[in-house]
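S.K.: okay, predicted coordinates and the sequence, questions at the end:
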Amino acid sequence: MATNGNEKRISECLVHLCNEGSIESIRYFESRRTLMEMLRDRGYNVSQSDLTLTLSDFRSHFGDFPKLETLGVSVSHRSNPSNKVQVVFTGTDDIRKSNLTAIHNQIANKERLSRLILIVQSKMTPYARKELENCRYKVEIIKLNDLVVNPTKHVLQPKYEVLTAVEKQELLKKYKIEEKQLPHMLRTDPMASYYGLERGQVVKISQSGEVFNSLVTYRCVV
């Protein structure tokens, strides 16, 4: 079947990437890059080198088959250095209580954490989920496949801004409404997950198009 020049070049690029290294390294590279962008957008201190890392540099540093323990990162929030997050990549086997115990022991000697993010590729047993309830910090679970593509970079995606507690109260006061009267956004929404939004937080959504110059709406996370 005949193909045009663009399709041929794209196919050649994909074949080149696969030949140069493993598919696994591409998946980890894309997911880790989105992770770094996500942490930056949440207000954490992320190095520019992590944001601009190329696939070639990633493979040179982590290898074609990266060891999961090397992919993790620990960063602090720009506005509150005591707010620290630790990210841990888990494997493809089911996550059991013993796995979480090992993770807790691994980070126990580090500075006090506010949040632990687990990047998972498999199911978590009920005993493991029960273990999470005993953590002294917030635990967030993100699927690796959900990080392969950054949802904020879609051409049709509007701009999201997370309001501070003060900005939220000013909004409610301005329109003389209660929190429950705002349109809702589920915590499972991809954008809510990306920004790590909690129940009660409000986001400002700005979008523009051919029909209107600018449209601003607000949603409250439930």
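M.R.: In hand now; what should we look at? Numbering: from 1, shown residues only.
S.K.: can you spell out the domain ranges of this protein, please?
M.R.: Each domain of the chain is listed here as a residue range: 5-149, 152-221, per automatic domain parsing.
S.K.: mind putting the ones you listed into CSV with mean pLDDT and mean neighbour count?
M.R.: C-beta coordinates here come from the backbone N, C-alpha and C atoms, glycine included. As requested, those are exported to CSV (pLDDT from 0 to 100; neighbours: other C-beta atoms under 10 Å):
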stretch, mean pLDDT, mean neighbour count
domain 5-149, 87, 15
domain 152-221, 91, 14
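S.K.: doesn't Ala192 make contact with Leu186?
M.R.: Yes: taking contact to mean C-beta atoms under 8 Å, the distance of 6.7 Å between Leu186 and Ala192 places them in contact.
S.K.: roughly how far does Lys84 sit from Arg112?
M.R.: Lys84 sits 7 Å away from Arg112, taking C-beta to C-beta, to the nearest Å as the criterion.
S.K.: could you confirm Tyr160 falls within a strand?
M.R.: Yes: counting by DSSP: H, G, I helix; E, B strand; the rest coil, Tyr160 is located in a strand.
S.K.: from memory it sits against Asp189, does it?
M.R.: No: under the criterion of C-beta under 8 Å, Tyr160 lies out of contact with Asp189, with a separation of 10.4 Å.
S.K.: returning to that earlier point: hey, what's in contact with both of Leu186 and Ala192?
M.R.: Any residue near both Leu186 and Ala192 by C-beta atoms under 8 Å, 6 or more residues apart in numbering counts here, and that gives Val221.
S.K.: I'd like the distance from the longest helix seen in the chain to the chain centre, please.
M.R.: Across the chain, the helix with the greatest residue count (assigned by DSSP state H) is helix 23-41. Here helix 23-41 is found 9 Å from its chain centre; the criterion is C-alpha atoms, centre = their mean, to the nearest Å.
S.K.: check stretch 88-107 too.
M.R.: For stretch 88-107, the gap between its own C-alpha mean and the chain's C-alpha mean amounts to 19 Å (C-alpha atoms, centre = their mean).
S.K.: which residues touch it?
M.R.: Stretch 88-107 is contacted by residues 28, 68-69, 71-72, 86, 113, 116-125, 127-128, 130-132, 135, 144 when judged by C-beta under 8 Å, 6+ apart.
S.K.: mind doing that once more with 6 Å?
M.R.: Contacts with stretch 88-107, where a contact means C-beta atoms under 6 Å, 6 or more residues apart in numbering, come from 68, 71-72, 86, 118-125, 127-128, 131.
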